[in-house]
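**Student:** predicted coordinates and the sequence they were generated for:
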Amino acid sequence: MVKDLAKIAKDRKIKYFLISFVDLFGNLRAKLVPARAIAGMQRDGAGFAGFATWLDMTPADSDMFAIPDPDSMIQLPWKPEVAWVAADLWMDGKEVEASPRVALKRQIVKAAAKGYRMKTGVECEYFLINADGSGIADTQDTQAKPCYDQAALMRRYEVISQICDAMIKLGWGPYQNDHEDANGQFEMNWDFNDALVTADRHVFFKYMTKSIAEMHGLRATFMPKPFANLTGNGCHAHVSVWDKTGRKNLFHNPKGELGLSKLAYNFLGGIMHSAEALTALFNPTVNSYKRINAPVTLSGATWSPNAVTYSGNNRTHLVRIPEAGRFELRLMDGAANPYLMQAGALLAGLDGVANKRDPGERLDINMYTDGQKLRRVRRLPLNLLDAVRLFEKSKVIRDGLGDGLVNSYAKLKHAEWDRFSASLSQWERDNTLDC
């Protein structure tokens with residue numbers, strides 16, 4: 001039975017709904033709908049002008065309608081009279097192919113047809129900074145190695161605990177909160193789940209974190225590299241594939257190498273095969289490449305990969321296998337679109353399974369100290385332009401996401417690169433003004 005949002009509103013005393021979607025750039029869009037009108041919105045959708053968001057449309061296009069998915073509904077813990085609900089985009093009676101959530105759902109359907117169900121967990125790193133964005137909010141947070149600093153963590157107890165309490169109330173199963181590797185940086189972990197559930201919660205987590213930070217006079221940023229001398233914001237994803245019931249982990253094989261099944265290694269082989277092209281989805285901004293290709297930071301490590309390698313429980317690689325039955329993708333950053341990063345991982349993995357792709361030799365070395373000695377290792381793109389060019393040329397990605405989404409995403413990202421190229425930095429003036 002489809003959940004009746006009007007009845008839910010009455011039962012839970014909800015006054016308003018945020019009918020929300022994420023555009024191709026990961027921006028959260030919404031309309032605030034009074035509960036009295038939610039029945040019609042659930043049936044027909046909330047109307048939007050797609051051109052006004054990053055969706056590669058024109059003012060001449062028809063109205064776009066966001067159809068709320070009642071299974072995604074989240075009642076705001078800090079404002080319970082409001083409920084947030086993720087929506088799928090429709091236009092002219094058809095799903096919008098370039099809608100990120102629709103793209104993920106299509107990959108999920110493809111996986112289900114083969115009896116697979118991808119489950120993921122995400123680690124969303126973020127900084128708490130001052131309101132104008134000029135620096136971290138805690139001026140006492142100055143250690144060269146601040147990771148897990150108890151004092152700095154507890155100075156932000158009011159913010160961290162409010163976010164964690166909200167996740168507990170929502171039933172997400174949060175299990176740890178920590179100060180991360182950079183000054184002013186934090187991470188909060190909650191239970192893994194089906195890919196779509198995780199993606200919806202990822203979207204809401206970013207909104208919730210920013211909202212609660214603002215309530216405390218602070219600002220939260222998931223920007224990949226907001227400070228040149230500090231570790232950037234990653235968004236690592238832990239991936240496993242289960243049977244259609246969701247009860248048997250098909251990646252787990254106690255007799256397999258590092259506890260992984262052949263299916264898991266083929267899935268990993270697909271991700272390794274398309275890693276350079278996937279970078280445009282996993283690292284979607286100009287700023288992203290200052291995290292991937294960063295020099296050693298204040299703490300002594302960047303914690304981000306720059307080559308296409310995998311290993312066991314070793315954090316210097318693009319993929320690590322921390323324990324039996326799952327692996328961790330360490331390429332994604334804080335700007336990654338929650339739906340497209342999941343869709344990209346799933347489509348590449350399915351390609352690996354279909355084509356029995358071999359991930360290659362596992363490298364059990366420290367890539368930060370010894371990686372430069374490797375001659376045959378593939379390197380990740382150095383900038384957004386190179387990444388987008390690889391993305392739009394990838395047959396695997398085109399077959400997975402469809403030409404409509406790939407062309408729209410590439411077109412908008414090329415335009416973003418052109419806007420960046422038209423800008424002039426202080427570094428350029430300092431170094432070339434007198435040449």
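**Tutor:** Looks like it came in fine.
**Student:** could you pick out the longest strand of this protein?
**Tutor:** In the chain, taking DSSP state E as the definition, the longest strand is strand 117-129.
**Student:** how far off centre is the helix or strand following that one?
**Tutor:** The first helix or strand that comes after strand 117-129 along the chain, using DSSP states H and E, is helix 150-155. Put simply, helix 150-155 sits 27 Å off its chain's centre (Cα atoms, centre = their mean, to the nearest Å).
**Student:** quick one: the strands in the stretch 251-400 of the chain?
**Tutor:** Assigned by DSSP state E, counting those that start in this stretch, the strands in the stretch 251-400 of the chain fall at 310-311, 319-323, 326-329.
**Student:** residue 374 contacts residue 307, correct?
**Tutor:** Yes - contact status for residue 374 versus residue 307: in contact at 7.4 Å, counting by Cβ atoms under 8 Å. Placement of C-beta: from N, CA and C, glycine included.
**Student:** rewinding a little: and of the strands of the stretch 251-400 of the chain, who's closest to residue 211?
**Tutor:** Evaluated with Cβ to Cβ, the strands of the stretch 251-400 of the chain place strand 326-329 nearest to residue 211, the distance being 27.6 Å.
**Student:** residue contacts, residue 175?
**Tutor:** 189, 190, 191 (Cβ atoms under 8 Å, 6 or more residues apart in numbering).
**Student:** buried subset of the residues you listed, written for ChimeraX?
**Tutor:** Selection of buried members from those for ChimeraX, criterion 16 or more other Cβ atoms under 10 Å:
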select :189,190
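**Student:** got JSON lines for the contacts of residue 175, with secondary structure and pLDDT too?
**Tutor:** Output for those, formatted as JSON lines (DSSP: H, G, I helix; E, B strand; the rest coil; pLDDT from 0 to 100):
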{"residue": "189", "secondary structure": "strand", "pLDDT": "98"}
{"residue": "190", "secondary structure": "strand", "pLDDT": "98"}
{"residue": "191", "secondary structure": "coil", "pLDDT": "98"}
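**Student:** ok so, going back, could I get the strands of the stretch 251-400 of the chain as TSV with mean pLDDT?
**Tutor:** Formatted as TSV, those follow (pLDDT from 0 to 100):
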stretch	mean pLDDT
strand 310-311	98
strand 319-323	97
strand 326-329	98
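**Student:** turn those into JSON lines, columns for mean neighbour count.
**Tutor:** Rendered in JSON lines, the data for the strands of the stretch 251-400 of the chain read as follows (neighbours: other Cβ atoms under 10 Å):
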{"stretch": "strand 310-311", "mean neighbour count": "23"}
{"stretch": "strand 319-323", "mean neighbour count": "19"}
{"stretch": "strand 326-329", "mean neighbour count": "23"}
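**Student:** about what we covered before: switch the contacts of residue 175 over to CSV; also include distance to residue 31.
**Tutor:** Supplementary listing: these in CSV, determined by distance: Cβ to Cβ, whole Å:
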residue, distance to residue 31
189, 32
190, 27
191, 30
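**Student:** ok so, going back, what helices and strands are in contact with the longest strand of the chain?
**Tutor:** Counting contacts by 3 or more Cβ pairs under 8 Å, 6 or more residues apart in numbering; DSSP states H and E, strand 117-129 is packed against helix 100-113, strand 185-190, strand 193-194, helix 195-215, strand 219-221, strand 235-242, helix 338-354.
**Student:** wait, which of these is closest to residue 286?
**Tutor:** For the helices and strands packed on strand 117-129, proximity to residue 286 was assessed by Cβ to Cβ; strand 219-221 is nearest, at 15.5 Å.
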